[in-house]
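[1] Requesting a structural model of the entry that follows:
(2 chains, ligands or ions: 2)
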Amino acid sequence: MSVLIIAEHDNNILKSSTLNTISAALKLSDDIHLLILGSKIENLCKNTQSIHKVSKILKCDNEKLENFIPEIMAPIVSNIAKNYTHVLAPASTFGKNLLPRVSALLDVTQISDVIEILSENTFVRPIYAGNAISQVETNQNINLLTIRPTAFDKCEESGGSASIEDIEFLNTDTPTLFIGREVSKSDRPDLGNARVVISGGRGMENSDNFKLLYELADKLNAAVGASRAAVDSGYIGNEYQVGQTGKMVAPELYIAIGISGAIQHLAGMKDSKVIVAINKDTEAPIFNVADYGLSSDLFQAIPEIIKELDLLNKIES
Amino acid sequence: MKVLVAVKRVVDYKVQIRVKADQSGVETENVKMSVNPPDENAIEEAVKLKEQGLAQETLAVTIGDDKAQDVLRTSLAMGIDRSILVKSPNSLEPLAVAKTLSKIIEKENPDLVLLGKQAIDDDSNQTGQILSALLNWPQACFISDLKIEGNKLFLSREIDEGIEKLETNLPAVLTCDLRLNTPRFASLPNIMKAKKKPLDIIDISTLGIDTNPKIKVLKVEEPPKRKAGIMVNDVKELVEKLKYEAKVI
Ligand SMILES: Cc1cc2nc3c(=O)[nH]c(=O)nc-3n(C[C@H](O)[C@H](O)[C@H](O)COP(=O)(O)OP(=O)(O)OC[C@H]3O[C@@H](n4cnc5c(N)ncnc54)[C@H](O)[C@@H]3O)c2cc1C
Ligand SMILES: Nc1ncnc2c1ncn2[C@@H]1O[C@H](COP(=O)(O)O)[C@@H](O)[C@H]1O
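    Ligands and ions are numbered 1, 2, ... in the order given. As a prediction, the model looks like this:
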């Protein structure tokens, strides 16, 4: 039995969420097929051939696939999916946008945001912002799953030698036009798979103060995140939001600064290995999940931490 | 233009939910219930389109039991014109919800369908996408900005990388993010007026669709608890703990 994975990529490189999804699929099978839909993806496919346990790459290369319009992708995916018992995609905005459409075309119920695969037909997923964990069973011919990337390690990227097979592009006419994408460029690690994440909340007060957070992040080679309140207030872009309706993160170290710890925020970060909270309100609920809590004014604490880290570095070098 | 909004009744977002002792699900008896938060944004957007003269009629639909009438009353109090409860004894999977909505859409012929991006109880994030595929209409999910000119829609949608801009045509299915707008509070006079607005009830069995679940919930459990942490006295202690105890920096 082979498992089909729908690859998330930007036409040049595979996103790491795809590697996490492959790991999840390895719980089901040792034979992975990767479906890559995109435009000018010759190089991308070649670079992907070596991924461990991927035996076949199904490549659909057409300029109309450049911007991942789900109306165009879904019929192609559902046509291929019919040959498989399990089809997986990352539970990113890419997978969430596409896979339910495929489920409609196949008339099956998709299982969203899987965090554990217990058997071929038993899966575990969080509900109610992770405040309950649901174990579900299904007897459908095709299992469509979106996989929460943080719940599975990345698979190995070497050792495989996949074949590449071209698949036919089926055209779907749609009035939808892609106009553009506003993507923030940053040299910091990606929020989804950074080892350290430092998030700021409403307590940061404005976007200018976030520079303080960036300075600290750079000392720790950390990604920056934010609460919904910080994004809503315009301190930072929506792509930084952590939580139920933002991104899920599970780094080794998560530092929440000026964040109260609403359940919707906790939903996105409480699986982090070590949690630090800095908040001037000793009653803030974030302290209930923190391994280390510091009750302090953040504007005093952050510069002090930077100083301490510099001191440590000096001692070590 | 006619706008249809899908609203779901869910446990209020401020409630700390409890898993039932028999692990069959989450306690919803005697718990505060509300309109699913992003569905309020969908309602707000529909009402705004009406106020701007772009929509002539707005309609809210919910699928649920008798109690789900309350989210329709809230929608009406916020300014929606009419509402329909599709009465279903069981809670449905997104696929069945979308099929039900598509039946209502066949009858009502709206030009624009607005949903929330995600129900905060099941966190499925599927219904709008499925509905769009069933209707074979364009889809735009997680939208945070919408402009309509004639038949054309100009949209911003929130994606993991930032913002994506799309253009498409009516009819279309859109799912709303919380940042699309700020939902209004229903004023007392409007709550009173809403009592007189139409609320029709349709039994789901009359729609002729298969709503049988395809997924069986084996059990629902509490998530593992984190062990209690400590408060540190100052930054120096914090950095030392992170370095030598947790060994994460
Ligand atoms: C459906 C739904 C989905 C949601 N999804 C998300 C989500 O994905 N992610 C998310 O984060 N939220 C989400 N929210 C919002 C969530 O409920 C909270 O409103 C939000 O997380 C609060 O953000 P905050 O902690 O930054 O702000 P606040 O709750 O206002 O907390 C600010 C904190 O900063 C502290 N502070 C202030 N000044 C200082 C200072 N100088 N020094 C130290 N501490 C200071 C205060 O003591 C306070 O605890 C969602 C809400 C809903 C309804
Ligand atoms: N029972 C329901 N009745 C009406 N609308 C619903 C129902 N369930 C889901 N929806 C709509 O579909 C959206 C997404 O839900 P979900 O796919 O379950 O996350 C919600 O925000 C609602 O707009």
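[2] Strands of the stretch 201-317 of chain A, residue ranges please.
    A:223-226, A:253-257, A:274-279, A:292-295 (DSSP state E, counting those that start in this stretch).
[3] Does the first one reach chain B?
    Just to be clear, that refers to strand A:223-226. No: figure legend: strand A:223-226 not in contact with chain B (Cβ under 8 Å from any Cβ of the partner chain); closest approach 12.6 Å. (Each C-beta comes from the backbone N, C-alpha and C, glycine too.)
[4] Please identify the buried residues of that strand?
    Buried residues in strand A:223-226, counted by 16 or more other Cβ atoms under 10 Å in any protein chain shown: A:223-226.
[5] lowest-pLDDT helix or strand in chain A?
    When each helix and strand of chain A is scored by mean pLDDT, DSSP states H and E, helix A:298-316 comes last, with a mean of 94.
[6] now residue A:258: how far from chain B?
    According to Cβ to the nearest Cβ, to the nearest Å, residue A:258 stands 15 Å off from chain B.
[7] excluding its backbone neighbours, what's nearest that residue?
    Residue nearest to residue A:258 in three dimensions, not counting chain neighbours: residue A:203, with 2.1 Å by Cβ to Cβ, 6 or more residues apart in numbering or on different chains.
[8] One more: residue B:85?
    Closest to residue B:85 by Cβ to Cβ, 6+ apart is residue B:201, at 4.9 Å.
[9] residues in contact with that neighbour?
    Residues counted as contacts of residue B:201 (Cβ atoms under 8 Å, 6 or more residues apart in numbering or on different chains) are B:84-85, B:87.
[10] Describe which strands the strand or helix carrying it pairs with in its sheet and in which direction.
    For residue B:201, the element it lies in under DSSP states H and E is strand B:199-203. Note on strand B:199-203: by DSSP bridges, its sheet partners are strand B:82-87 (parallel).
[11] Do any residues in the strand it pairs with lie close to ligand 2?
    No: contact of strand B:82-87 with ligand 2 (Cβ under 6 Å from any ligand atom) is absent, the minimum separation being 7.5 Å.
[12] And the next helix or strand past that strand?
    The helix or strand immediately downstream of strand B:82-87 is helix B:94-108, counting by DSSP H and E.
[13] ok, the helix or strand that that next one is followed by: who's next to it in the sheet?
    Counting by DSSP H and E, the next helix or strand C-terminal to helix B:94-108 is strand B:112-116. Using DSSP bridges, the strands paired with strand B:112-116 are strand B:2-6 (parallel), strand B:172-176 (parallel).
[14] just checking, which of those sits deepest inside the structure?
    strand B:172-176 (a mean of 28; mean count of other Cβ atoms under 10 Å in any protein chain shown).
[15] residues in contact with that strand?
    B:38-39, B:41-42, B:45, B:112-118, B:127-129, B:131-132, B:135, B:137-143, B:146, B:153, B:155.
[16] counting contacts, what elements does the first helix or strand past it going along the chain pack onto?
    On the C-terminal side of strand B:172-176, the closest following helix or strand by DSSP H and E is helix B:188-194. On a contact count with 3 or more Cβ pairs under 8 Å, 6 or more residues apart in numbering or on different chains; DSSP states H and E, helix B:188-194 meets helix B:69-78.
[17] before we move on, back to that, who wins for neighbours among the contacts of residue B:201?
    Per-residue neighbour counts (other Cβ atoms under 10 Å in any protein chain shown) across those peak at residue B:85, which has 23 neighbours.
[18] Mind listing the residues bridging to whatever residue of chain B ends up closest to ligand 2?
    For chain B, the nearest residue to ligand 2 under the criterion Cβ to the nearest ligand atom is residue B:116, separated by 2.4 Å. On the basis of DSSP bridges, residue B:116 is bridged to residue B:176.
[19] For it, grab the count of nearby residues.
    For residue B:116, using other Cβ under 10 Å, the count is 28.
[20] Go ahead and confirm it touches residue B:38.
    Yes: at 3.2 Å, residue B:116 counts as touching residue B:38 under the criterion of Cβ atoms under 8 Å.
[21] which phi and psi does the closest residue to ligand 2 within the stretch 201-317 of chain A have?
    Here the stretch 201-317 of chain A gets closest to ligand 2 at one residue, residue A:245, 10.7 Å apart by Cβ to the nearest ligand atom. Main-chain torsions, residue A:245, degrees, to the nearest 10: phi -110, psi 20.
[22] Any idea how many residues pack against it?
    Neighbour number of residue A:245 under other Cβ under 10 Å is 23.
[23] distance of it from residue B:207?
    31 Å (Cβ to Cβ, to the nearest Å).
[24] How confident was the prediction at residue A:66?
    pLDDT, residue A:66: 98.
[25] okay, now it: neighbour count?
    If we define neighbours as other Cβ under 10 Å, then residue A:66 has 16 of them.
[26] How about it, nearest residue that isn't a chain neighbour?
    residue A:39 (3.6 Å).
[27] Hmm, residue A:63 and that neighbour touching each other?
    Yes: using Cβ under 8 Å, residue A:39 is in contact with residue A:63, at 4.8 Å.
[28] between the two, which one's more packed in?
    When residue A:39 and residue A:63 are compared for neighbours, residue A:39 comes out ahead with 14 against 10, by other Cβ under 10 Å.
[29] of all the strands of the stretch 201-317 of chain A, which lies closest to residue A:35?
    Among those, strand A:223-226 comes nearest to residue A:35, with 28.7 Å by Cβ to Cβ.
[30] For that closest one, which helices and strands make contact with it?
    strand A:196-200, helix A:210-219.
[31] So is the first one next to ligand 1?
    Translated: strand A:196-200. No: counting by Cβ under 6 Å from any ligand atom, ligand 1 has no neighbours in strand A:196-200; the shortest distance is 7.6 Å.
[32] can you tell if that strand touches chain B?
    Yes: residues of strand A:196-200 are located near chain B by Cβ under 8 Å from any Cβ, namely residue A:196.
[33] how about residue A:270, phi and psi?
    According to degrees, to the nearest 10, residue A:270 has phi -80, psi 0.
[34] Run through the residues that contact the residue nearest to it when sequence neighbours are not counted.
    Nearest residue to residue A:270 in three dimensions, chain neighbours excluded: residue A:289, at 5.4 Å (Cβ to Cβ, 6+ apart). Applying Cβ under 8 Å, 6+ apart to residue A:289 gives the contacts A:261, A:266, A:270, A:275, A:277, B:226, B:229.
[35] ok, now residue A:130?
    By Cβ under 8 Å, 6+ apart, residue A:130 lies in contact with A:244, A:266-267, A:270, B:223.
[36] which phi and psi does it have?
    Dihedral angles (degrees, to the nearest 10) for residue A:130: phi 80, psi 10.
[37] Good, we can wrap up now.
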